[in-house]
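**Q** sequence and predicted model, in that order:
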Amino acid sequence: MKFSGILACVVVVAFALAQVYVACAADANPPERMTYQGYLVDANGYPLGSEVDPGDSTKRVSVPANYDVVFRIYNRKQGGGPENLLWAEQQTITVDMGYFSVLLGEGTKEGNEPRDDKISTAFIGADSSGRYIGITVKALGDGGDVEIAPRLRLVASPFTFLAAYARQADKIVGADGDVLTTDGGNIGIGNASPDAKLDVAGSIKASGAVDIGEDANVQGQLAVGKSTAPSATLDVAGTVKASGGLDIGGDSSIDGTLALTPSGVNNALEINPASGTSYKLSLRSDSSASYIRNNSSQQDLRLGANSLDAVTIKPSGKVGIGTTNPRGSLDVFTGNTAVPGLIIDRSPSGNYRSELYQAADGLAIYVGNNTDEPTEKMRIKHDGKVGIGTTSPGSKLHLETPNAATNLRIVRRQDGGTQYVPVGTELGGIQWMADDYTWSVHTVGAEIVGEQGPLNYNGATQHILFKTSGSPGSATSERMRITNGGNVGIGTPSPEDELHIVHAANTAYSKGLRIQRQDTDKYWTIGVDSTGDLIYKYKGGDSVAWDAYVNDTSGAWVSGSDKRLKKDIEPVGSVLDRLVKLKPSRFRFKTQTEDETKLFGFVAQEVQDVFPDMVSDEKNRLGLAYDDFGVLSVKAIQELRAEKDQQLADLGEQLAEKTRRNDELEARLAKLEELVGKMGQGL
């Protein structure tokens, strides 16, 4: 196995049975250390802590070296998360010819990873037989600190199997046979089949106190506080104290009526606790009322039936129904989401009742009528969400109906419904309010209202207005509206299109629309400047800066090209030879139909072969910026002009040379003609 291309490891384990020296006082416990040996080689199979033998290149010689190594104990053979790492530490170990030996527990803590001083804590639990060691040699290779894979399982030495048996032993064996036996949680002394928590076959002698918190079954006589044999079923010398129940196998009965008539305002019956008369339960009655009271500041008053505490009254006055620990003035505990905590019933017959249930996620309100059993009509969830018509509200107020019925109706009546609401009047709406620092003044921060539209005999049209407060304490102002025709206006009360935005204005430009990607801070702003141009700006604010705009007169697209915006300016190299290699084409996109006109352009792959820098490959397909071809065309024309100018210059030089030669020839011809003329004259 390889480690980051550099380290390979084969590990042999000796599991914590060897006696080792630990610098602490000796005690009866095994030392909290564990020996571990291993063999480390590099990616080429050469053992660490060695080098090539100078005398024989086929052999290795010992060169011990120190390495920082992190040892980790997991409960998984591979993978897992932080919860699977049980123990870790770092040690500096010496490796000699690949071999090393380490005493785990002697190292230091590795970062925030778990390391208990007792390494045995890593071997606790029902899965303790599945422990695996991982080894990381630090600062090796270029791939970072990577744990060697796979992790190796830690195994036991032979005599530790005795401990495994002791953990599951069901008896303690003495010299003369079994002394103690366990069976299903029962303990038997001298009894191989105990059928009680403690089942003793024989005598029991206790020289100290014996505290029995539950029932005790003694088959025979029992003497308490005596050194002689008991003379009765229970023979007690001294005081009897029962911390559990006391069962008297006889009857106590009163035949007839028990009438209690106290004198004056005295209690008719007082029940004192076993500890004395510091507090008591009293019963009394007078001409105005009957009283059952507990005068204790610590003890509850509880009422119930069927041996259950149905009602608990705390000394503080809190009342619990179904609970002995009420958390409010009245606390009703049902213990079951299907049991109503409160029923409000109007009639002994029918279903004219309402019920409150404590559901798993909040309060459920059920309402019934004469014929229908109560069903849930509203739920208030623990997170404050309220649902009407739904048991799973997804917002602070969630209204839901099973059909086309109205969920919410807001109505404003003028003078009790006797007059029409004037056009332009704001109708009822929803407001959001907040307190000031005094907690006494409530101000409206935002609201949604309806506005009355034109009236006719069929009803009236209405608009929806959205308002917010510009500053704390100030009145709300309209920011947006939706007209009865469906137009949306932002910054205008009279939208003339589906979306009509009127944004703020300054001396140059103010953005009106911002489009931003959710997971980044990248956005574009769009607005209209004072000249009427449509301005585009990347991460733009209210300033004169712009990236591009559409001219308000011609509709032309203008891109920013000011030298002040640019850097790294350099001339374009020769393009003419490459430009003539481009293949202008006519084509249709695959999304076009056959009857649509073919377009003019280039194929990006063909352009990429000639001008790779002009092809964009950033959005899963190739693209071209056709504006760049205009720049290339200008450059090509310039090269062509320079080429033609050179050709004309060359032709001029050639013509001048030919003219010079012609002049020379004409001069020579003139001389020749003169010479021939003289020869004809006999000169």
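**A** Yep, it's here. Numbering: from 1, shown residues only.

**Q** which residue ranges make up each domain of the chain?
**A** Per the record, the chain has its domains at 7-156, 272-399, 425-565, 574-683, by automatic domain parsing.

**Q** reformat those domains as JSON lines; add distance to residue 224, mean neighbour count and mean pLDDT.
**A** Yep, even glycine has a C-beta here, placed from its N, CA and C like the rest. JSON lines is the format used below for the domains of the chain (distance: least, Cβ to Cβ, whole Å; neighbours: other Cβ atoms under 10 Å; pLDDT from 0 to 100):
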{"stretch": "domain 7-156", "distance to residue 224": "38", "mean neighbour count": "15", "mean pLDDT": "83"}
{"stretch": "domain 272-399", "distance to residue 224": "19", "mean neighbour count": "13", "mean pLDDT": "85"}
{"stretch": "domain 425-565", "distance to residue 224": "67", "mean neighbour count": "14", "mean pLDDT": "79"}
{"stretch": "domain 574-683", "distance to residue 224": "91", "mean neighbour count": "11", "mean pLDDT": "87"}
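
**Q** among those domains, which comes closest to residue 190?
**A** domain 7-156 (29.5 Å; Cβ to Cβ).

**Q** which other helices and strands does the helix or strand where residue 35 lies contact?
**A** Using DSSP states H and E, residue 35 sits within strand 34-42. Judged by 3 or more Cβ pairs under 8 Å, 6 or more residues apart in numbering; DSSP states H and E, strand 34-42 is in contact with strand 7-12, strand 99-104, strand 132-137.

**Q** the very next helix or strand once past it - contacts with which helices or strands?
**A** Once the chain leaves strand 34-42, the next helix or strand it forms, by DSSP H and E, is strand 50-53. If you count contacts as 3+ Cβ pairs under 8 Å, 6+ apart, strand 50-53 packs onto strand 56-62.

**Q** Provide the strand pairings for the strand it packs on, with the direction of each partner.
**A** Note on strand 56-62: by DSSP bridges, its sheet partners are strand 50-53 (antiparallel).

**Q** can I get the partner strand as CSV, trimmed to CA atoms?
**A** Below are the C-alpha coordinates for strand 50-53, written out as CSV (Å, rounded to 0.1, in the frame of the first residue of the first chain):
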residue,chain,number,x,y,z
SER,A,50,18.3,3.3,5.7
GLU,A,51,20.4,4.2,2.7
VAL,A,52,22.2,2.4,-0.1
ASP,A,53,25.2,0.4,1.0
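
**Q** who touches it?
**A** For strand 50-53, contacts defined as Cβ atoms under 8 Å, 6 or more residues apart in numbering pick out 59, 60, 61, 62, 63, 96, 97, 98.

**Q** can I assume the fourth one is in contact with residue 99?
**A** What that stands for is residue 62. No. Contact between residue 62 and residue 99 fails when scored by Cβ atoms under 8 Å: they sit 9.8 Å apart.

**Q** one step back: for residue 263, which of the domains of the chain is the nearest?
**A** Here domain 272-399 is closest among the domains of the chain (Cβ to Cβ), at 11.1 Å.

**Q** distance between the strand holding residue 35 and the chain's centre?
**A** 40 Å (Cα atoms, centre = their mean, to the nearest Å).

**Q** so what sits against both of residue 62 and residue 99?
**A** With Cβ under 8 Å, 6+ apart, residue 62 and residue 99 have common neighbours residue 49.

**Q** what does the pLDDT read for the nearest residue to residue 197 once chain neighbours are set aside?
**A** With sequence-adjacent residues excluded and distances taken as Cβ to Cβ, 6 or more residues apart in numbering, residue 197 is closest to residue 186, at 5.9 Å. In this model, residue 186 is scored at 78, pLDDT.

**Q** tell me the contacts of residue 186?
**A** Contacts for residue 186 (Cβ under 8 Å, 6+ apart) come out as 194, 195, 196, 197, 198, 199.

**Q** greatest separation within those residues: which pair is it?
**A** The most widely separated members of these, counting by Cβ to Cβ, are 195 and 198 (10.7 Å).

**Q** strands of the stretch 551-683 of the chain, start to end?
**A** Assigned by DSSP state E, counting those that start in this stretch, the strands in the stretch 551-683 of the chain fall at 557-559, 585-587, 599-601, 615-616, 623-624.

**Q** so which of the ones you listed is nearest residue 43?
**A** strand 615-616 (41.5 Å).

**Q** list the helices and strands the closest one packs on?
**A** Using 3+ Cβ pairs under 8 Å, 6+ apart, strand 615-616 is in contact with helix 604-610, strand 623-624.

**Q** out of the ones you listed, which gets nearest to residue 494?
**A** The nearest among those, by Cβ to Cβ, is strand 623-624 at 41.8 Å.

**Q** adjacent strands (with direction) for that closest one?
**A** Strand pairing (DSSP bridges) places strand 623-624 next to strand 615-616 (antiparallel).

**Q** ok now the partner strand, how far from the chain's centre?
**A** Worked out by Cα atoms, centre = their mean, strand 615-616 lies 39 Å from the chain centre.

**Q** next: stretch 530-547.
**A** Taking Cα atoms, centre = their mean, the mean C-alpha location of stretch 530-547 is offset from the chain mean by 39 Å.

**Q** try stretch 118-133
**A** So, by Cα atoms, centre = their mean, the centroid of stretch 118-133 is 31 Å from its chain's centroid.

**Q** stretch 668-681 too?
**A** Centroid separation for stretch 668-681 versus its chain: 114 Å, with Cα atoms, centre = their mean.

**Q** any chance of the strands of the stretch 551-683 of the chain in TSV, with distance to residue 321 too?
**A** Formatted as TSV, those follow (distance: least, Cβ to Cβ, whole Å):
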stretch	distance to residue 321
strand 557-559	76
strand 585-587	82
strand 599-601	81
strand 615-616	73
strand 623-624	73
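
**Q** now do the strands in the stretch 51-200 of the chain.
**A** 56-62, 65-74, 85-95, 99-104, 132-137, 152-153, 171-174, 177-183, 186-189, 198-200.

**Q** select, out of those strands, the one closest to residue 601.
**A** Short answer: strand 132-137, nearest of the strands of the stretch 51-200 of the chain by Cβ to Cβ, at 57.5 Å.

**Q** what strands line up against that closest one, and which way round?
**A** Sheet pairing here is set by DSSP bridges, and for strand 132-137 it gives strand 65-74 (antiparallel), strand 152-153 (antiparallel).

**Q** and of those, who's closest to residue 641?
**A** Nearest to residue 641 among the strands paired with strand 132-137 is strand 65-74 (70.8 Å), distances taken as Cβ to Cβ.

**Q** quick one, helices of the stretch 451-600 of the chain?
**A** For the stretch 451-600 of the chain, the helices defined by DSSP state H, counting those that start in this stretch cover 576-579.

**Q** residues contacting the nearest residue to residue 624 once chain neighbours are set aside?
**A** Spatial nearest neighbour of residue 624, excluding adjacent residues (Cβ to Cβ, 6+ apart): residue 604 at 5.5 Å. By Cβ under 8 Å, 6+ apart, the contact set of residue 604 is 615, 622, 623, 624.

**Q** using CSV, write down the CA coordinates of stretch 112-125.
**A** What follows is stretch 112-125, C-alpha atoms only, in CSV (Å, rounded to 0.1, in the frame of the first residue of the first chain):
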residue,chain,number,x,y,z
ASN,A,112,-8.1,19.3,19.1
GLU,A,113,-8.3,15.6,18.6
PRO,A,114,-9.4,13.4,21.6
ARG,A,115,-6.7,12.1,23.9
ASP,A,116,-7.6,10.8,27.4
ASP,A,117,-4.7,10.2,29.8
LYS,A,118,-6.1,6.7,30.1
ILE,A,119,-5.8,4.9,26.8
SER,A,120,-8.1,2.2,28.0
THR,A,121,-11.0,4.6,27.5
ALA,A,122,-10.7,3.9,23.8
PHE,A,123,-11.7,0.3,24.5
ILE,A,124,-15.0,0.8,26.3
GLY,A,125,-18.4,-0.1,24.8
